[in-house]
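Chemist: Provided below for reference: sequence and predicted model.
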Amino acid sequence: MTRIYLLWTALFALAALAGLVAAWWGRARFVRGRRALLAAGAFLTVGLAGGYLAHGPVAEMLTARKMAAATRQADDMFRTDGLLRALSQAEPDQASALRGRLILALTAADDAEVRPVQARIRDEALRAALISAMGRLPNASDEAAARLAQALLDALKTLQDDDPLLCLGLLHPGGGTDALTDNALARLHDDVKKNLESAIALTLATSVIRPSAAPQPTRTDAALTDMFTENLAAFQQDYGGSKQVTALFEALADPGHARTVPPETLCAFAQDLLQALLRMPPEQRGPALRRILGPG
């Protein structure tokens, strides 16, 4: 936009100069009224010609150049950013749509607006990547599942002290809680957010390597039963009887049911459950995490 304003300013100055030159040239050949008409005619002629160029070929050329520069910026951002690169591999359609929006926004942005535009698109990409990672968790590796669970646990601890309601944004991303998810991600400390992004990227990357869900070992359900049995007494001591604990499990599995539970209680229970899952033997932990955290 700054270039367009400068162009119009230059055109106005050129038209004014043309009018003055025409008036000066006609001072000895015309009476004063005709000199004024000649100056006005020259001014209008140059202005109209310049206006056509400014809104036609010149404007198109400037827009094309800026869009080409915006495309290079967007391509570089999606190539060098690990999270965006992983999202492009796992969800090419979503990544392409975000990239297209980024190009259009950068084309229309002034220099001072470039970083805010990039940050806004990056935040949207993080939310999309989190939703995708939770959905693709059954295809991810054991290491990715463990790192994602640990990163979620650290994030929930941060939000528990800040605003427990935001925990729902991480526990049920994409479940009609986009605003909560955005606010939750924005509230995370830099190191916690960085670890979460890294775990999400690893989950997406490993899920692409394994195009179909990993088969659950036959002992996964038995191992989960043993884990629940070992921790049931502690769960009931902190959260009530078996009915209350069952309601909390249902709230973790169902976004609609989650809204019927006090957010601070659900956030605390989710942390305790993740800690119990992460304490399982390594050979059982990955399958158990994929079973519990993955889509039902």
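Modeler: Perfect, thanks for sending it.

Chemist: Now do the SS call for the spatially most central residue of the chain.
Modeler: By CA atoms, centre = their mean, the chain has its centre lying nearest to residue 124, at 1.8 Å. Following DSSP: H, G, I helix; E, B strand; the rest coil, we place residue 124 in the helix state.

Chemist: got a list of what it touches?
Modeler: residue 98 (CB atoms under 8 Å, 6 or more residues apart in numbering). Where you see a C-beta, it was placed from the backbone N, CA and C, and this is true even at glycine.

Chemist: Any buried residues in the helix or strand where residue 160 lies, and which?
Modeler: Per DSSP states H and E: residue 160 is located in helix 142-162. For helix 142-162, the neighbour count (16 or more other CB atoms under 10 Å) marks 142, 144-160 as buried.

Chemist: For residue 161, see how far away the residue lying closest to residue 162 once chain neighbours are set aside is.
Modeler: If the residues on either side of it in the chain are set aside, residue 162 comes closest to residue 187, at 5.5 Å by CB to CB, 6 or more residues apart in numbering. Look at residue 187 and residue 161: by CB to CB, to the nearest Å, they are 10 Å apart.

Chemist: circling back: please name every helix or strand in contact with the helix holding residue 160.
Modeler: helix 167-171, helix 178-187, helix 190-209, helix 263-278, helix 282-293 (3 or more CB pairs under 8 Å, 6 or more residues apart in numbering; DSSP states H and E).

Chemist: For the last one, which outside residues touch it?
Modeler: Put plainly, it is helix 282-293. 134, 137-138, 140-143, 145-146, 148-149, 152, 214, 216-217, 219-221, 223-224, 227, 273, 277-278, 280.

Chemist: relative to helix 263-278, how tilted is it?
Modeler: Going by axes from the mean of the first three to the mean of the last three CA atoms, to 10 degrees, helix 282-293 is angled at 150 degrees with respect to helix 263-278.

Chemist: Let me know how buried residue 211 is, in neighbour terms.
Modeler: If you count neighbours by other CB atoms under 10 Å, residue 211 ends up with 7.

Chemist: Tell me the secondary structure at residue 260.
Modeler: Strictly by three-state DSSP, residue 260 counts as coil.

Chemist: circling back to that earlier point, now do the helix holding residue 160 and helix 263-278, the angle between them.
Modeler: 150 degrees.

Chemist: Might you report the residue contacts of residue 192?
Modeler: Residues in contact with residue 192 (CB under 8 Å, 6+ apart) are 151, 154-155, 158.

Chemist: State the phi and psi torsions of residue 280.
Modeler: phi -70, psi 160 (degrees, to the nearest 10).

Chemist: I figured residue 106 was touching residue 115, is that so?
Modeler: No. Using CB atoms under 8 Å, residue 106 makes no contact with residue 115, being 10.5 Å away.

Chemist: For those two, indicate the residue with more neighbours.
Modeler: Neighbours were counted for residue 106 and for residue 115 using other CB under 10 Å; residue 106 has more, 22 against 10.

Chemist: Against residue 130, how distant is residue 91?
Modeler: Remark: distance between residue 91 and residue 130 (CB to CB) = 12 Å.

Chemist: Who has more neighbours out of the two?
Modeler: Shown here are residue 91 and residue 130; by other CB under 10 Å, residue 130 has more neighbours (26 against 22).

Chemist: isn't that one right up against residue 175?
Modeler: No. Contact criterion CB under 8 Å: residue 130 and residue 175 do not qualify, at 11.7 Å.

Chemist: Quick check: pLDDT value at residue 14.
Modeler: Looking at residue 14, its pLDDT reads 54.

Chemist: can you list the weak-confidence ranges in the stretch 51-200 of the chain?
Modeler: For the stretch 51-200 of the chain, residues meeting the criterion pLDDT under 70 lie at 51-62.

Chemist: 50 instead, please
Modeler: Low-confidence segments of the stretch 51-200 of the chain (pLDDT under 50): none present.

Chemist: Which residue, neighbours along the chain excluded, lies closest to residue 244?
Modeler: Residue 244's closest residue in space is residue 236 (CB to CB, 6+ apart), at 7.8 Å.

Chemist: Can you report how many residues neighbour that neighbour?
Modeler: Neighbour tally, residue 236, other CB under 10 Å: 14.
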